[in-house]
Structures are given as structure tokens and as C-alpha cells.
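S.K.: Quick one, structure for this:
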Amino acid sequence: MVCDLEATCWRADEHPELAARQRDEAEIIEIGAVRLDPHTLTEVDRFERLVRPVRHPTLSAFCTQLTGISQALVDAEGVPFAQAYAELMAWMGPTQAVDLAAWGIFDHRQLERQAAELGAEAPGWTPHNIKVHCSDWLRWTTGKSARFGQAQALQALGLPPGERPHRALSDALDVVRVLRVVWDPARASAQGQAVLRRCAALDPEPVNRARMAEVDDKARGWFERAVKELRRCRAVQVSTGKAHVRLNDRGRAALALMDLELDR
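M.R.: Modelled structure (predicted):
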């Protein structure tokens, strides 16, 4: 599941006090979410709601300029946050079974904070920060260390710009495009691909650091990092306690795709 929020915001020259307390004063004005098939990352369903803010019901000029969400639109189509949150939770299903990806940590914290203000049950999803995942992937695959905003990340990955930046559903769909790259085991780092191939060679026997070092004496230094990458890609199964790694179906499919590309 991928989620994105838009929230009230202020520029310092517009509302100095509110701008200084944005993290505490912000209220959600739009929720966009995309349900994905966990194995193929194909889209299954969408969720989109406009939300009327209560603490500061009048949107700032900066907020409207940034998001394109007008006061008239929020007033006409927005619903109370309690309703939007209840509908989101019903759409998600049991949150303990949900992996919720978002760009950065703001979306997770904002949903949790406003749910707590309602007295609603805290969501039990597992959060994933795709901003960090993208930075890690670029470092692991290119050796370059950089943190990007969402628009810059799309450019760095060779993806076209989003259709409607700073609208919740459009931004959620852009995060989907990013994670399809950085969670693709066929596009893993050289070390990650080496672990996949070692797993295939020894299958069904698991691979650990020592077995990887049999074919690469430097593997003791990077094996755990490569396993972390492949777990993030959902390409391997890892035994509890120690990094004993086996391929799963997603990892096998990635290997088949990699071999197909090599044959071309």
C-alpha cells in the first residue's frame, strides 16, 4: 500500500507563527492511496478523499498555490477527517497486515497524530520510507550518495515528472513508480545480484556469509547489506536469527529476467 497526504501549510512571510509551528498545526486536506499486489506491485485499487481542516479552516494562499486545492473545492467536497480516516481504514482492511509506503515520514506521523487527536485506534501498519529506500538504492547501485525530493528522485531514476505534483493521489502514484524501480530485484546492486545467483546455484541449500565468501572473498564485508536489499525487494526468505537466505518466487522471476536481458 502506498499513501500520500496534502496538508495545510504556510509561508513565513504569510503567517510567521503558523509557519514556525507547521508540524504541530498542519491538518490533512487530502488523502491519496494505492493498493498494490505485493508480488507484482501492480495496482489493484485507489483511494482519494478531500478533507476539511478544522483548526485552521481557511487555506493559505501558499497552500492553494502549492497544491492547487482551492478553498471552494475543500468546502464543497471535503469531508471531516474522522470520516475520511474511517473510510481509509475500512478500505485498507486490518492494518496489522499492511505494509504502508510513503515518501518520507511525515505522512505516517500525521495520520497517527490526527488519529490520536480523534481518540481513534492507532493504525498497526508497517511503515516504509521510500525516500530512504531510493537513497539507499542509488548508493548501492551507483556508489553515489544523495538525498532527493520526490521530483528529483523521479528525474534521477529516469522517470517522467508526475502529472499533478502536490496532489495526494498523483504523488502516491509517483511513489509507486519509484518503488517499482528500487524494489525490483532484477535491478539490485551487483552484490545483491551475486547473492541471488549464489542462492540459485545452491538451491535448495540456504546461502549464508560463509557460503557467499566461497565465491567472493570480499563478501564477508557486504553480505548482510546485500541481504537487507533483497529482503526489501521481497526476493528472498531469510531464516530467523541468522542470515541464511533462500530464493522465493519473486527472486527466481528476477533471475529469469536478468538472464533474458543478458541473452539479448
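S.K.: Can you list the buried residues in stretch 221-231?
M.R.: Of the residues in stretch 221-231, Trp222, Phe223, Ala226, Val227, Glu229, Leu230 count as buried by neighbour count, 16 or more other C-beta atoms under 10 Å. C-beta: built from backbone N, CA, C; applies to glycine.
S.K.: Please apply the same query to stretch 236-252.
M.R.: Residues of stretch 236-252 classed as buried under the neighbour-count rule (16+ other C-beta under 10 Å) are Val236, Ala243, His244, Val245, Arg246, Leu247, Asn248, Arg250, Gly251, Arg252.
S.K.: sorry, back to before: pick out the most distant pair among the buried residues of stretch 221-231.
M.R.: Trp222 and Leu230 (12.1 Å; C-beta to C-beta).
S.K.: And the pLDDT at the residue sitting nearest the centre point of the chain?
M.R.: Nearest to the mean C-alpha position of the chain, by C-alpha atoms, centre = their mean, lies Ala101 at 3.1 Å. In the predicted model, Ala101 carries a pLDDT score of 96.
S.K.: about what we covered before: need the worst-confidence member of the buried residues of stretch 236-252.
M.R.: Going through the buried residues of stretch 236-252 one by one, the lowest pLDDT turns up at Ala243, 79.
S.K.: Contacts only, for that residue.
M.R.: Taking C-beta atoms under 8 Å, 6 or more residues apart in numbering as the criterion, Ala243 is in contact with Asn208, Arg209, Phe223, Glu224, Val227.
S.K.: Next up, the contacts around the second one.
M.R.: The neighbours of Arg209, taking C-beta under 8 Å, 6+ apart as the test, are Ala219, Arg220, Phe223, Glu224, Ala243.
S.K.: what comes into contact with stretch 161-174?
M.R.: The set of residues external to stretch 161-174 that reach it, using C-beta under 8 Å, 6+ apart, is 2-6, 30-34, 46, 48, 66-69, 103, 150-151, 154-155, 159.
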